[in-house]
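1. pasting the sequence and the predicted coordinates here, then a few questions.
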Protein chains: 2
Amino acid sequence: MTETAKPVVSNAGLGIDELKAFVTRALVSVDIPPADAVQVAALMVEADALGSNAHGVFRLPQYVDQIQSGGINPRPTIRILNDKAGAALIDGDNALGHLVMKRATELAIEKARQCGIGWVGTRHSNHAGPAQLYARMAAEQEMVGLYFCVGNANLLPPWGGTEVLLSTNPIAIAVPALKHPSIVLDMATTNTAFGKIRLMAQRNEPMPEGWMIDRQGNPLTDPKRASEGFLVPIGGPKGYGLALMIGLLAGTLNGAAFGRDVVDYTKDSKTPSNTGQVIVAVDISTFADVQAFKQGADAMWDVMKSSPTLPGVEEVRLPGERTAHVYEERMAHGIPLGAELRKALDELADRLGVARLR
Amino acid sequence: MTETAKPVVSNAGLGIDELKAFVTRALVSVDIPPADAVQVAALMVEADALGSNAHGVFRLPQYVDQIQSGGINPRPTIRILNDKAGAALIDGDNALGHLVMKRATELAIEKARQCGIGWVGTRHSNHAGPAQLYARMAAEQEMVGLYFCVGNANLLPPWGGTEVLLSTNPIAIAVPALKHPSIVLDMATTNTAFGKIRLMAQRNEPMPEGWMIDRQGNPLTDPKRASEGFLVPIGGPKGYGLALMIGLLAGTLNGAAFGRDVVDYTKDSKTPSNTGQVIVAVDISTFADVQAFKQGADAMWDVMKSSPTLPGVEEVRLPGERTAHVYEERMAHGIPLGAELRKALDELADRLGVARLR
């Protein structure tokens, strides 16, 4: 699409359908109803197609572990509580998060069609993949989508503090365009994600200042010492404030976990996480002609692109631009799985007695 | 309230009522209807009481200049367009922004009572004071309030670019508590505000790295060279993304200015700014028992406060905590006006032929 649209992945990726079928049979083998398994598999593979490797199929072994340990309910009854014309609270009955959030997003879109706006919160939900999945779902329906949630591990102290009481509570906003891809922001409220730090540690590379601080408040740049410090929120107290407000809205308001209640399911697969999430759908046609709005988004894309750049910067990027390239590539050529993940999925298949990936 | 609650202002402040009366007579003298002038004056002085000095009475001479130059309409007809049960678009008819936003916030609250949620956007509005004013208005009505807008001056290039195409597009979120003050985040999407840089320049102090970069992308720390560089968004590309998405939602979606259309009214008092804003009210009772939720907010306040602190940090602060102390102090003892502002207001009074402040 542009000069920077170089293929980001190898062409030897695993077929989308094959990967979906694998996730489906793994989930069905641990008592997830087939119709549910198909839905979850589609969303998990969609996450990988969007390049969100750490929130896609990579999580399957953990989910299976939670289901087998009683930490996730394979046969949930997802219920709508406190239903109003424009807003509702959903009790996920400790289902896989994707099922809860898919239902929540569909409901928010339905409400937005009627009322101009739909705001749906969840409680007793679980990890549901990358934030952008659900914001994008709204954008595909002529809506603006906003999503935010309480993350599943506390990694951040309040600003000036040393006890990790906050997650990196992410936020996603998706705006549909016409000739350009949707403009989609998907961000944590910290300067970096933990996954990047692990990568630096593997590569023996120092972290830039600003990613982490140690318990004295000094910059921490050795990724191998990550456990001795904390992530730094974006803009210091501002990112802390954002993480806190998101927690109050997606956690406290929904009756979901926040603060010391948060359960890190990667360390505790037995305790229900009581994850809280919020999806907001804004009906574009309530405010503008839909085509005209999408053209306006295109125009703003072009305006940002037209900016001269700093030395060494090839061009300005829009939020979601790189993701759109990755998605196109992966939908055409499949999803590349690292050797380690492939091995983990093979072992999972053997343990569950289902056919391995081809 | 706590050990850090030292009086922030002198006890010799100007009385709240006296200041309101002054703003009212100044506005009436330039053809603002008295009932409107009273409303605007109350909100402008409220901004000062909240410690938001740069967004309160300080702006009066500019507003008057705009009204006298035809840049603001003193006799507007504010209309509701595209009204749906939960969402609406308001055309401010180029009124003073406070009038537009007060109407928008009241409408959002009304809708939230009916639908669980109210989302109201504005176009043809103007600068309306600090973001927190309207979020707080919702919080006083058992709602969570969210506000964001397109700022009135482009100060930020897209990430990696060098053309200032974005404002510091601020966001405010207000959550009511019970025994503690409301938790209120009010933040720009940049690491610092321009006002702070001007202050550093006055004091001949260097800025910390991270506030600004120059046109080569290097840190700019001399505040006197501010015009040679750009503000840095929080979290780099993340803050840029936030500013952009806020612009699309408060500007483009509402049919308001964004990007190259933004008018800096401090430099051009004749051209209507077509400011766009969004206020969202979330009805707490749709999701939770209101008292229980407020207690939950209190509990989260106490949890954050209970964190041990970094060396040199006395205690963790909550968003809005310092503001609550300032507010209490100023409501009791009045608002301190700097000599320069006092002089500007006296000159304004003389020019308008109204009585000076006492």
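-> Received the coordinates, thanks. Numbers count the residues shown, from 1 in each chain, chains lettered A, B, ... in the order given.

2. lowest average confidence, helix or strand, in chain A?
-> When the helices and strands of chain A are scored by mean pLDDT, DSSP states H and E, helix A:194-203 comes last with a mean of 83.

3. work out the gap between that helix and the centre of the chain.
-> 19 Å (CA atoms, centre = their mean, to the nearest Å).

4. same question for that helix: list its buried residues.
-> A:194, A:197, A:200 (16 or more other CB atoms under 10 Å in any protein chain shown). Placement of C-beta: from N, CA and C, glycine included.

5. give me the domain ranges for chain A.
-> A:1-69+A:320-358, A:77-190+A:233-290 (automatic domain parsing).

6. hmm, residue A:116 is touching residue B:120, no?
-> No: shown here, residue A:116 and residue B:120 do not form a contact pair, counting by CB atoms under 8 Å, at 9.7 Å.

7. identify the contacts common to these two.
-> Common neighbours of residue A:116 and residue B:120, counting by CB atoms under 8 Å, 6 or more residues apart in numbering or on different chains, are B:87, B:88.

8. which strand or helix spans residue A:66?
-> helix A:60-69 (DSSP states H and E).

9. in chain A, where is pLDDT below threshold?
-> A:1-12 (pLDDT under 70).

10. checking residue A:80 next. Helix, strand or coil?
-> strand (DSSP: H, G, I helix; E, B strand; the rest coil).

11. dig out what it forms beta bridges with.
-> Bridge pairing for residue A:80 (DSSP bridges) gives the partners residue A:90.

12. who's in contact with it?
-> Residue A:80 touches A:88, A:89, A:90, A:107, counting by CB under 8 Å, 6+ apart.

13. surely residue A:216 is in contact with residue B:312?
-> No: applying CB under 8 Å, one finds residue A:216 not in contact with residue B:312, separated by 9.2 Å.

14. can you pull the contacts of the spatially most central residue of chain A?
-> Centrality entry for chain A: nearest residue to the mean C-alpha point is residue A:130, 1.3 Å, by CA atoms, centre = their mean. Under the criterion of CB under 8 Å, 6+ apart, the neighbours of residue A:130 are A:47, A:50, A:52, A:55, A:56, A:172, A:186.

15. ok, now with 6 Å
-> Contacts for residue A:130 (CB atoms under 6 Å, 6 or more residues apart in numbering or on different chains) come out as A:47, A:52, A:55.

16. would you mind finding the longest helix in chain A?
-> Ranked by residue count under DSSP state H, the longest helix found in chain A is helix A:97-115.

17. quick revisit: adding distance to residue A:232, write the buried residues of helix A:194-203 out as JSON lines.
-> Output for the buried residues of helix A:194-203, formatted as JSON lines (distance: CB to CB, whole Å):
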{"residue": "A:194", "distance to residue A:232": "12"}
{"residue": "A:197", "distance to residue A:232": "11"}
{"residue": "A:200", "distance to residue A:232": "15"}
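
18. now, which of the residues you listed sits nearest residue A:228?
-> residue A:197 (12.1 Å; CB to CB).

19. the closest one touches residue A:226, doesn't it?
-> Yes: Residue A:197 is within contact range of residue A:226, at 5.1 Å (criterion: CB atoms under 6 Å).

20. which residues does stretch A:44-52 contact?
-> A:16, A:19-20, A:23, A:55-57, A:129-130, A:323, A:326-327, A:330-331, A:335.

21. go with 7 Å
-> Contacts with stretch A:44-52, where a contact means CB atoms under 7 Å, 6 or more residues apart in numbering or on different chains, come from A:16, A:19-20, A:23, A:55-57, A:60, A:98, A:129-130, A:132-133, A:323, A:326-327, A:330-331, A:335.

22. hang on, residue A:36 packs against residue A:100?
-> No: here residue A:36 lies out of contact with residue A:100, judged by CB atoms under 7 Å, at a distance of 10.9 Å.

23. the more surrounded of those two?
-> A direct count of neighbours by other CB atoms under 10 Å in any protein chain shown for residue A:36 and residue A:100 places residue A:100 higher, at 25 against 21.

24. now the strands: where do they sit in chain A?
-> Along chain A, the segments classed as strands by DSSP state E run A:79-81, A:87-91, A:117-125, A:143-149, A:171-175, A:183-187, A:212-214, A:219-220, A:229-231, A:275-283.

25. angle of the fourth one against strand A:117-125?
-> Relative orientation of strand A:143-149 with respect to strand A:117-125: 30 degrees, computed using axes from the mean of the first three to the mean of the last three CA atoms, to 10 degrees.

26. does any bit of strand A:143-149 sit next to chain B?
-> Yes: interface with chain B: strand A:143-149 contributes residue A:144 (CB under 7 Å from any CB of the partner chain).

27. wait, residue A:170 sits on residue A:152?
-> No: if you go by CB under 7 Å, residue A:170 and residue A:152 don't touch, sitting 10.7 Å apart.

28. quick one on the thing from earlier: and the domains of chain A, which is most packed in?
-> domain A:77-190+A:233-290 (a mean of 24; mean count of other CB atoms under 10 Å in any protein chain shown).

29. now the residue of the stretch 251-358 of chain A found nearest chain B: how far from residue B:332?
-> Residue nearest to chain B within the stretch 251-358 of chain A (CB to the nearest CB): residue A:307, separated by 3.3 Å. Per CB to CB, to the nearest Å, residue A:307 is found 48 Å from residue B:332.

30. can you tell me what sits against stretch A:13-20?
-> Stretch A:13-20 has contacts (CB under 7 Å, 6+ apart) with A:41-42, A:45, A:49, A:57, A:330-331, A:333-337, A:357-358.

31. mind putting those in JSON lines, distance to residue A:148 included?
-> As requested, those are exported to JSON lines (distance: CB to CB, whole Å):
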{"residue": "A:41", "distance to residue A:148": "25"}
{"residue": "A:42", "distance to residue A:148": "23"}
{"residue": "A:45", "distance to residue A:148": "23"}
{"residue": "A:49", "distance to residue A:148": "22"}
{"residue": "A:57", "distance to residue A:148": "24"}
{"residue": "A:330", "distance to residue A:148": "26"}
{"residue": "A:331", "distance to residue A:148": "27"}
{"residue": "A:333", "distance to residue A:148": "32"}
{"residue": "A:334", "distance to residue A:148": "31"}
{"residue": "A:335", "distance to residue A:148": "27"}
{"residue": "A:336", "distance to residue A:148": "30"}
{"residue": "A:337", "distance to residue A:148": "29"}
{"residue": "A:357", "distance to residue A:148": "33"}
{"residue": "A:358", "distance to residue A:148": "38"}
